[in-house]
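**Student:** next one to model:
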Amino acid sequence: MTNIWNNLQQYPLKVQYPNSDRHLIEQVPLLQKLTTFEQDIGVEFRHIRMLAQAFCTRPIPQNDLTIEDNERLEFLGDTVLNFVVSDYLYRHFPEHHEGHLSLLRSCTVSNPTQAVIYDELGMQTYVDYVREQLRITTPKLIEKSLKAKADVFEAFIAALFIDQGLESIYAFCRATIFPRLQDFISTQHWNDPKSNLQHCCLALRDPNDRNPPLPEYKVLKSIGSSNNVQYKVSVFFRKQRLAIGIGRSIHDAAMAAAKNALEQHAQMFPLLHYQKSVLSTTITNNNNNNNNVNNYNSKRKNNSNENNRQQPFSLRNMKTRNEVSAMIITSAKMKH
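**Tutor:** Residues are numbered from 1 along each chain as shown. Model (predicted):
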């Protein structure tokens, strides 16, 4: 009976050509196109059809090239990415509370973050080309949404994991995702005020309390006519009213209340200040020991405004795609 669970099937696209399918490149224009993307990221896939499948959005016609769309890859990629980011954060920020680690992970693997990297690596070009070659009929407008971009990005992560192994995911994340953490923390770039407030409240919990108190929201009243109604919502924590918010919907009013609570009671949530001091120490230590990070920082462009502040991390701030490739190749040689 145990053999059923231990004898795993090989990944479908590896069954036909177990060692490599790169010999098909000369015969298939779609695969030829994907070699440009490989050059951009500094990775040569042994099974390049896996990369093609990652860019293959549903629904697709029956074909022998990708066999199926990227939906199953998306499922796997989401899990792999969450694991790698969680492992990195757990080891990189040993002094941070679980609540803060969860916040950082949420930002790091969020749809907007993945969509930004999707755009910076020019993935849309290859999605469009696959659409054209396989005659995919999904509207382009849908495919360009944040969620659709994140889905393709996660499918790519899975393809990279299947073809190159887990270390390649660490290398890719070191080059494209982890450098953004500094901006996430310094700008307090969390999912939303309600999530941020909840995690800050959880950070104050008693470790022995299985049911820690959480923020509670109460609708106080509605204001205005039915066509122009506004809601007034109050947020409480430990039976203390923290703040009031007003919005055109109960959801918006609750968000406003959470935002006001974080601003008006910042001294109550040491996590908001502590995370910055820990980040500063961690970044300083890493810069002294990690030449790769120093090289990356030296290539960041400066804004031309009067404050001459550095721009947030972006692959577009680099001079050429070759720099992205170099970062990934360098990262692959480093221990995670």
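
**Student:** and Lys239, its phi and psi?
**Tutor:** Main-chain dihedrals, Lys239, degrees, to the nearest 10: phi 70, psi 10.

**Student:** so where's the stretch 1-150 of the chain shaky on pLDDT?
**Tutor:** 1-2, 136-144 (pLDDT under 70).

**Student:** and the strands in it, which stretches?
**Tutor:** Shown for the stretch 1-150 of the chain, no strands are assigned by DSSP state E, counting those that start in this stretch.

**Student:** what's the helix or strand for Ser222?
**Tutor:** strand 216-223 (DSSP states H and E).

**Student:** quick check: mean pLDDT across that strand?
**Tutor:** Mean pLDDT, computed over strand 216-223, is 94.

**Student:** buried ones in whatever helix or strand comes next after it?
**Tutor:** Helices and strands here follow DSSP H and E; after strand 216-223, the next one along the chain is strand 230-237. Residues of strand 230-237 classed as buried by neighbour count (16 or more other C-beta atoms under 10 Å): 231-237. In this view, the C-beta of every residue, glycine as well, is placed from N, C-alpha and C.

**Student:** ok, so of those residues, who is nearest Ala258?
**Tutor:** Val235 (5.9 Å; C-beta to C-beta).

**Student:** so what's the nearest residue to that closest one once chain neighbours are set aside scoring on pLDDT?
**Tutor:** Once flanking residues are discounted, Val235 sits nearest to Ala257: 4.2 Å by C-beta to C-beta, 6 or more residues apart in numbering. Turning to Ala257, the model gives it a pLDDT of 96.

**Student:** swap in Gly247?
**Tutor:** 93.

**Student:** how near is it to Cys201?
**Tutor:** 21 Å (C-beta to C-beta, to the nearest Å).

**Student:** OK, contacts around the spatially most central residue of the chain?
**Tutor:** Per C-alpha atoms, centre = their mean, the C-alpha nearest to the average position across the chain is that of Val109, at 2.4 Å. Applying C-beta atoms under 8 Å, 6 or more residues apart in numbering, we find Val109 in contact with 78, 81-82, 85.

**Student:** can you count the residues close to Phe172?
**Tutor:** Neighbour count of Phe172, defined by other C-beta atoms under 10 Å: 26.

**Student:** for Leu73, see how far away it is.
**Tutor:** 15 Å.

**Student:** quick revisit: who wins for most neighbours among the contacts of Val109?
**Tutor:** Counting neighbours by other C-beta under 10 Å, the top entry in the contacts of Val109 is Leu81, with 24 neighbours.

**Student:** was I right about it contacting Ile169?
**Tutor:** Yes: at 7.3 Å, Leu81 and Ile169 qualify as touching, with contact defined as C-beta atoms under 8 Å.

**Student:** need the residues touching each of those two.
**Tutor:** Common contacts of Leu81 and Ile169 (C-beta under 8 Å, 6+ apart): Ile157.

**Student:** out of everything not next to it in sequence, what's closest to Ile67?
**Tutor:** Leaving aside its chain neighbours, Ile67 sits nearest to Pro12 (5.5 Å; criterion: C-beta to C-beta, 6+ apart).

**Student:** quick revisit: neighbour count for Gly247 and Cys201, which is higher?
**Tutor:** Set Gly247 next to Cys201 and count neighbours by other C-beta under 10 Å: Cys201 wins out with 21 against 16.

**Student:** buried sites along the helix or strand where that one lies?
**Tutor:** In this assignment (DSSP H and E), Cys201 forms part of helix 193-202. The neighbour-count check on helix 193-202 (16+ other C-beta under 10 Å) flags 193-194, 196-202 as buried.

**Student:** one more: stretch 79-95?
**Tutor:** Across stretch 79-95, burial judged by 16+ other C-beta under 10 Å covers 80-81, 84-86, 88-89, 93.

**Student:** kindly report the same for stretch 244-258.
**Tutor:** Buried, per 16+ other C-beta under 10 Å, within stretch 244-258: 244-245, 247, 253-258.

**Student:** need the max-distance pair from those.
**Tutor:** Checking those with C-beta to C-beta, the most distant pair is Ile244 and Met255, at 12.4 Å.

**Student:** sort out for me which of the buried residues of stretch 244-258 are in helices.
**Tutor:** If you go by DSSP state H, the buried residues of stretch 244-258 have 253-258 in helices.

**Student:** from the residues you listed, pick the one nearest Thr66.
**Tutor:** For these, the minimum distance to Thr66 (C-beta to C-beta) is 41.2 Å, reached by Met255.

**Student:** what about the closest residue to Leu31 other than its chain neighbours, neighbour count?
**Tutor:** With sequence-adjacent residues excluded and distances taken as C-beta to C-beta, 6+ apart, Leu31 is closest to Ile25, at 4.5 Å. Using other C-beta under 10 Å, Ile25 has 16 neighbouring residues.

**Student:** show me what contacts Ile25?
**Tutor:** Ile25 makes contacts with 31-32, 35, 48, as judged by C-beta under 8 Å, 6+ apart.

**Student:** quick check: the closest residue to Glu26 other than its chain neighbours vs Asp206, distance?
**Tutor:** For Glu26, ignoring the flanking residues on the chain, the nearest one in space by C-beta to C-beta, 6+ apart is Gln32 at 7.7 Å. Counting by C-beta to C-beta, the gap from Gln32 to Asp206 is 61 Å.
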